[in-house]
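Q: Structure, please.
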Amino acid sequence: MIMKTRKRYDKTFKLEVVQRSLDGVSVKQLADELGLHANMISRWRKEFLDVDQQLIFPGNGKEALTEDQREIRRLKNELADAKLETQILKKAIRIFSKSDVNSTNL
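A: Alright, predicted model coming up:
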């Protein structure tokens with residue numbers, strides 16, 4: 001089986017393509033000229049127009065997050081870990097309290 005590698009486009013290339021599309025060159029024309037799919041150019045345009053300029057095209061599947069969003073994600077992860085620890089401790093208490101009851105009945 002032949003594996004196809006994904007083409008990766010750097011931020012500069014994407015910005016140039018988006019800028020040309022905003023300057024009046026049609027998406028279809030750009031797609032044909034550059035050998036890209038028109039949907040990809042449209043997605044890049046949408047991302048460019050919707051997102052804070054510092055966060056566009058972060059690359060390699062990384063989400064574009066603000067500092068506040070990263071902090072919220074970190075805190076949510078920390079909370080999930082604390083909940084898991086609490087559940088484990090509750091189960092351990094139940095297990096040990098059962099064994100204490102059994103050992104005193106001997």
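Q: What are the structural domain limits within the protein?
A: Following automatic domain parsing, the chain resolves into domains at 9-61, 65-106.
Q: and those domains as TSV, adding distance to I2 and mean neighbour count?
A: For glycine as for every other residue, the C-beta is placed from the backbone atoms N, C-alpha and C. Listed next are the domains of the chain as TSV, based on distance: least, C-beta to C-beta, whole Å; neighbours: other C-beta atoms under 10 Å:
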stretch	distance to I2	mean neighbour count
domain 9-61	20	13
domain 65-106	36	10
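Q: nearest to M3, of those?
A: domain 9-61 (17.7 Å; C-beta to C-beta).
Q: Same list (the domains of the chain) but as JSON lines, adding mean pLDDT.
A: Output for the domains of the chain, formatted as JSON lines (pLDDT from 0 to 100):
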{"stretch": "domain 9-61", "mean pLDDT": "83"}
{"stretch": "domain 65-106", "mean pLDDT": "84"}
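Q: Distance to M3 for those domains - can I get that in CSV?
A: Shown next, in CSV, are the domains of the chain (distance: least, C-beta to C-beta, whole Å):
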stretch, distance to M3
domain 9-61, 18
domain 65-106, 31
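Q: Show residues contacting the helix or strand harbouring K46.
A: Using DSSP states H and E, K46 sits in helix 38-50. Residues outside helix 38-50 that contact it (C-beta atoms under 8 Å, 6 or more residues apart in numbering) are 14-15, 17-18, 21-22, 27-28, 30-31, 56-57.
Q: Which of the residues you listed fall in helices?
A: Residues from the contacts of helix 38-50 lying in helices, with DSSP state H as the criterion: 14-15, 17-18, 21-22, 27-28, 30-31.
Q: Nearest to L84, out of the residues you listed: which one, please.
A: Out of those, the member with the shortest distance to L84 (by C-beta to C-beta) is K14, at 39.5 Å.
Q: Closest to S97 out of the ones in helices among the contacts of helix 38-50?
A: Nearest member of the ones in helices among the contacts of helix 38-50 to S97, counting by C-beta to C-beta, is K14, at 60.0 Å.
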